[in-house]
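[1] model the structure of this input:
(2 chains)
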Amino acid sequence: NAGVTQTPKFQVLKTGQSMTLQCAQDMNHNSMYWYRQDPGMGLRLIYYSASEGTTDKGEVPNGYNVSRLNKREFSLRLESAAPSQTSVYFCASSEGGASDTQYFGPGTRLTVL
Amino acid sequence: QQQVKQSPQSLIVQKGGISIINCAYENTAFDYFPWYQQFPGKGPALLIAIRPDVSEKKEGRFTISFNKSAKQFSLHIMDSQPGDSATYFCAASMDGGSTLGRLYFGRGTQLTVWP
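    As a prediction, this is how the structure comes out:
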C-alpha cells in the first residue's frame, strides 16, 4: 500500500497563477484533510471532507477550493496564488472517527513569487 | 483562536536526558489527545495517544501524562536519543458532531537532542 500520495512534491508559481494539488489514498478511508504548515504556526486545517461528497471549511480556507473527486482523491486548488500561500501543504486521511489515526502524505512545498 | 496551546516552541536536551513538552486546552468536549511526530521533510505520524479516562499512558520511552482538572497534558521522552530529534505536535479531537474526526493541533515543539 502506498498510503497517502501527493503530487507534485515541489512547485514554484508566480503571483496570480493557479494550480491544483492532488492527493490520493489507498486505505479506503472515509475522511480526508488538507493542512498547511508554516514555521511557528503548526498545522492549520484548510478544508476537510468527512465523507465522499461532503467538504467543510477548516481554520484557513480563504483563497482555496477543494474537490472530493471520489473516495480516494481529494484535490486542493489555488485559483489565484499569492505570496502568503507559500507553505508546505499536507494531505491526510483517516477512517473518520474522533480517535482514528490521521495518516499524512509527504507534503508539497509551494513557493509563490 | 488556538484551541490547543503548546510549549515550548523549541527544546534542546542532552542525550540521555528527559524531554518534556506541555499542552493545554479549554474545550472540555475534547476526549482524545494524540501526539504526532514529524521528521524533517516528512509528514507527521502518530506517536502515542490518550483518552481522559486515564492519567498516564506509556509506550516504551514515551509517556503521556494527563491532568483532566487542569486541562493539561504532556509528553515525556525518557532517555532522549539523537534519533528523537523531530518536531512534536499535540492535538485534540472530540467525539460526535459535525467536527467528528477533526484534529486541533498545537503549534509544535522542535526537539533537538545533542549527542
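[2] list the buried residues in stretch A:68-81.
    Residues A:68, A:71, A:72, A:73, A:74, A:75, A:76, A:78, A:81 are the ones in stretch A:68-81 that count as buried (16 or more other C-beta atoms under 10 Å in any protein chain shown). Where you see a C-beta, it was placed from the backbone N, CA and C, and this is true even at glycine.
[3] what's it in contact with?
    Stretch A:68-81 is touched from outside by A:13-26, A:28-30, A:32-34, A:46-47, A:49, A:52-55, A:63-67, A:85, A:89, A:91, A:93, A:110, A:112, with contacts defined as C-beta atoms under 8 Å, 6 or more residues apart in numbering or on different chains.
[4] close to chain B as well: tell me which of the residues you listed qualify.
    Checking these against chain B by C-beta under 8 Å from any C-beta of the partner chain, the ones in range are residue A:33.
[5] which of the contacts of stretch A:68-81 are buried?
    A:13, A:21-25, A:29-30, A:32-34, A:46-47, A:49, A:55, A:64, A:66, A:85, A:89, A:91, A:93, A:110, A:112.
[6] taking those one by one, which sit in strands?
    With DSSP state E as the criterion, strands contain A:13, A:21-25, A:32-34, A:46-47, A:49, A:64, A:66, A:89, A:91, A:93, A:110, A:112 from among the buried ones among the contacts of stretch A:68-81.
[7] so for stretch A:44-54, mean pLDDT?
    Mean pLDDT, stretch A:44-54: 92.
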